[in-house]
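**Q** Return a 3D structure for these sequence lines:
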Amino acid sequence: MTKSKSAAGRALRAAFPHTIPILAGFLVLGMSYGVYARASGFSFWYPVGMAVAIFGGSLEFVAVAMLTGTFAPVQTFLMALMIQARHLFYGISMLEKYKGMGWKKPYLIYALCDETFSINCSVEIPQGVDRGWFMFFVSLLDQSYWLTGTAIGAILGGVIPFSTEGLDFAMTALFVVIFLDQWLKEKKHWTGLIGLGSALACLALFGADGFMIPTMACILCLLTVFRRPIERGLD
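**A** Next comes the predicted model:
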């Protein structure tokens with residue numbers, strides 16, 4: 001038991017610094033979501049409950065509109081599937097990394113979001129730190145940031161009405177910082193160039209509303225085809 005606690009403690013200390021950019025972004029966005037939900041007529045417990053059960057930022061914002069609209073379960077299901085479909089590609093790429101995680105694996109799958117994927121997929125875990133515990137705490141910390149921000153926003157939204165216009169840019173800035181950090185760590189930038197090229201090509205072909213899933217499919221195919229040359233280039 002003592003050894004397990006020691007391993008968990010080391011992993012938590014190692015994981016926390018990597019999640020600080022997520023902390024800043026999630027607190028702001030979570031607060032805006034909490035305020036938005038309260039302004040839409042929901043009680044404190046609705047946004048907090050959705051932050052726990054759904055934990056999908058963009059989907060949670062859309063869920064507020066869907067819950068206040070007409071009853072349409074099929075359309076709601078299809079909309080949720082379209083919004084979160086990129087997680088299919090995240091999950092496929094994490095199959096190898098989540099092997100042998102034991103009881104942690106179900107939570108790691110449940111808590112996988114864009115930002116957690118970015119960290120767990122690319123970070124170099126320090127020597128002597130348990131991989132399973134590290135990924136677990138990255139996932140747990142990220143969800144706790146979103147839940148905390150949502151709760152604060154839900155409280156403030158009940159007493160202080162204010163505009164949240166423009167706050168969604170914080171998520172864009174967060175992804176830019178994560179991408180630049182990964183770019184600076186790499187000696188060769190094949191994976192980053194594949195991601196940028198795929199995104200720009202699909203944006204031109206499918207437009208801003210429909211480029212996400214084609215982009216993820218394109219990136220997955222290209223990384224699969226060129227996996228060996230890329231790995232040789234990284235050695």
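**Q** In the protein, where's the longest helix?
**A** In terms of residue count, the longest helix belonging to the chain (DSSP state H) is helix 2-39.
**Q** which strands and helices sit next to the next helix-or-strand element following it?
**A** Remark: after helix 2-39, the chain's next helix or strand is helix 45-53, criterion DSSP states H and E. Applying 3 or more C-beta pairs under 8 Å, 6 or more residues apart in numbering; DSSP states H and E, one finds that helix 45-53 makes contact with helix 2-39, helix 57-68, helix 131-157. The C-beta positions use only the backbone N, C-alpha and C, and glycine is treated the same way.
**Q** Out of those helices, which is the most enclosed?
**A** helix 131-157 (a mean of 21; mean count of other C-beta atoms under 10 Å).
**Q** any idea how far it is from the chain center?
**A** A distance of 11 Å separates the centroid of the chain from that of helix 131-157, by C-alpha atoms, centre = their mean, to the nearest Å.
**Q** which SSE is the closest residue to residue 206 other than its chain neighbours in?
**A** By the measure of C-beta to C-beta, 6 or more residues apart in numbering, the closest residue to residue 206 outside its immediate chain neighbours is residue 214, 5.5 Å from it. Element membership of residue 214, judged by DSSP H and E, is helix 212-225.
**Q** Tell me which residues are up against that helix.
**A** Contacts with helix 212-225, where a contact means C-beta atoms under 8 Å, 6 or more residues apart in numbering, come from 82, 85-86, 89, 92-93, 191, 194-195, 198-199, 201-203, 205-206, 230.
**Q** among those residues, which are in helices?
**A** When DSSP H is applied, the contacts of helix 212-225 are split such that 82, 86, 89, 92-93, 191, 194-195, 198-199, 201-203, 205-206, 230 fall in helices.
**Q** Out of those residues, which is nearest to residue 13?
**A** Distances from residue 13 to these, taken as C-beta to C-beta, are shortest for residue 93 (26.7 Å).
**Q** Can you give me the domain assignment for the protein?
**A** With domains defined by automatic domain parsing, the chain comprises 2-183, 186-235.
**Q** gap between the longest one and the chain center?
**A** Domain 2-183 has its average C-alpha position 5 Å from the chain's average C-alpha position, going by C-alpha atoms, centre = their mean.
**Q** And the average pLDDT for the host helix or strand of residue 228 is what?
**A** Using DSSP H and E, residue 228 falls within helix 227-234. Mean pLDDT, computed over helix 227-234, is 69.
**Q** Ok, stretch 197-209 next?
**A** Average pLDDT, stretch 197-209: 86.
**Q** buried stuff in it?
**A** For stretch 197-209, burial by neighbour count (16 or more other C-beta atoms under 10 Å) applies to 198-199, 202.
**Q** ditto for stretch 216-234
**A** Neighbour-count burial for stretch 216-234, counted by 16+ other C-beta under 10 Å, picks out 216-220, 222-223.
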